[in-house]
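[1] Got a predicted model here, sequence first, then my questions.
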Amino acid sequence: MKLHELRDNDGATKKRKRVGRGAGSGMGKTGGRGIKGQKSRSGVAIKGYEGGQMPLYQRLPKRGFNKPNRKQFAVVNLGLIQKFIDEKKLDGKAAITEDALVSAGLVRRKLDGVRILAKGDISAKVTIEVTGASKSAVEAVEKAGGTLTVAAPAAAAAE
């Protein structure tokens, strides 16, 4: 076999259908779109339309509810706080507040407050003041000899 003899198997490739290239092409005049009607025109996209049948997106059950005024917390794990203390990005001796977490770069923005979760280990004796915390996070900090106080967010206190 030579390089110029290489070719695809029979039926592996199919000629492209060139629409609207004259009557001799077999796809001239209406170009395979039939006569008249919405779908024969250009710029028509009938997404989700099933010819009068109830569309799939309406046949499926709707579930759930999104609370419009829900609180969204910035989440921080205890393991990350310990890592930042070890790297001297956070001062373990001073009280760790939400502002301290933001300035250290641990949290990008406070949103509706910062919530501490118990993923990872904490060994430093720290004082943490945040908007929210899981029970296991509070227990882990107290076990390490520190305190974790959950304060009401400033926005809620103003209301």
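    Ah, there it is.
[2] Quick one: the helices in this structure, in order.
    For the chain, helices defined by DSSP state H occupy the ranges 56-59, 78-86, 98-104, 135-143, 154-158.
[3] which residues touch the second one?
    Meaning helix 78-86. The contact list for helix 78-86 (Cβ atoms under 8 Å, 6 or more residues apart in numbering) reads 90-92, 96, 101, 104, 106, 116-124, 126, 128, 137, 140-141. For every residue, glycine as well, the C-beta is placed using N, CA and C.
[4] rewinding a little: tell me which of the helices of the chain sits most buried.
    helix 78-86 (a mean of 19; mean count of other Cβ atoms under 10 Å).
[5] Quick check: the spatially most central residue of the chain vs Arg7, distance?
    The structure's the chain has its C-alpha centroid closest to Gln72; by Cα atoms, centre = their mean the separation is 14.1 Å. Distance from Gln72 to Arg7, counting by Cβ to Cβ, to the nearest Å: 60 Å.
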